[in-house]
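> Structure for this input, please:
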Amino acid sequence: MINEFRIPWEKYGIIAYLAKAMDGHDAQFGKTSLQKIIYILQEVYQVNVGYKFILYNYGPYSADLATDLEYIAALNGVDVSWVNTGGYRIKPDSDADTFIEKSKDFLDKHKNDIDKA
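Sure, this is the predicted structure:
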């Protein structure tokens, strides 16, 4: 029996979309910010991204979200870099638009809520 392999484009796309949306803002968009925004999207706005969270030191945390961030960073969807003032900064990388395009239906459906969060 062959199991169906499904690529979770909505998860990857929302990470790339948020990196692109936050690029150029004064606020540092890093790993903690990403975790909190996705948590708020799921719990407050009922956008089912598909992550499970636990409460952790700096707020909600999803190990799967952290893994997905590393994965799309390895595929040049986002760039995750250490900032000398502390923490990480997530910026769009060369293939961010590819991830966004692959998840276009999901992002379009939830755009208003994503932009509010």
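> in this protein, which spans are helices?
For the chain, applying DSSP state H gives helices covering 9-22, 31-43, 63-74, 96-102, 104-116.
> Would you mind saying which of the ones you listed lies nearest Asn84?
helix 31-43 (16.0 Å; CB to CB). The way it works is simple: take the backbone N, C-alpha and C, and place the C-beta from them, glycine included.
> List the buried residues for the closest one?
Residues of helix 31-43 classed as buried: 31-42 (neighbour count, 16 or more other CB atoms under 10 Å).
> Next: stretch 50-66.
Within stretch 50-66, the residues scored as buried using 16+ other CB under 10 Å are 51, 53, 60-62, 65.
> Spit out the contact partners of the residue nearest the centre of the chain.
With distances taken as CA atoms, centre = their mean, Ile15 lies nearest the centre of the chain, 2.4 Å away. By CB atoms under 8 Å, 6 or more residues apart in numbering, the contact set of Ile15 is 34, 65, 68-69, 72, 77-78, 90, 99.
> Check which helices and strands the worst-scoring helix or strand of the chain on mean pLDDT sits against.
Here the helix or strand of the chain ranked lowest by mean pLDDT, DSSP states H and E is strand 54-56, holding a mean of 93. Applying 3 or more CB pairs under 8 Å, 6 or more residues apart in numbering; DSSP states H and E, we find strand 54-56 packed against strand 59-61.
> average pLDDT across the strand it packs on?
Throughout strand 59-61, pLDDT has a mean value of 96.
> Give the partner strands of it in its sheet and their orientations.
Sheet pairing for strand 59-61, assigned by DSSP bridges, gives strand 54-56 (antiparallel).
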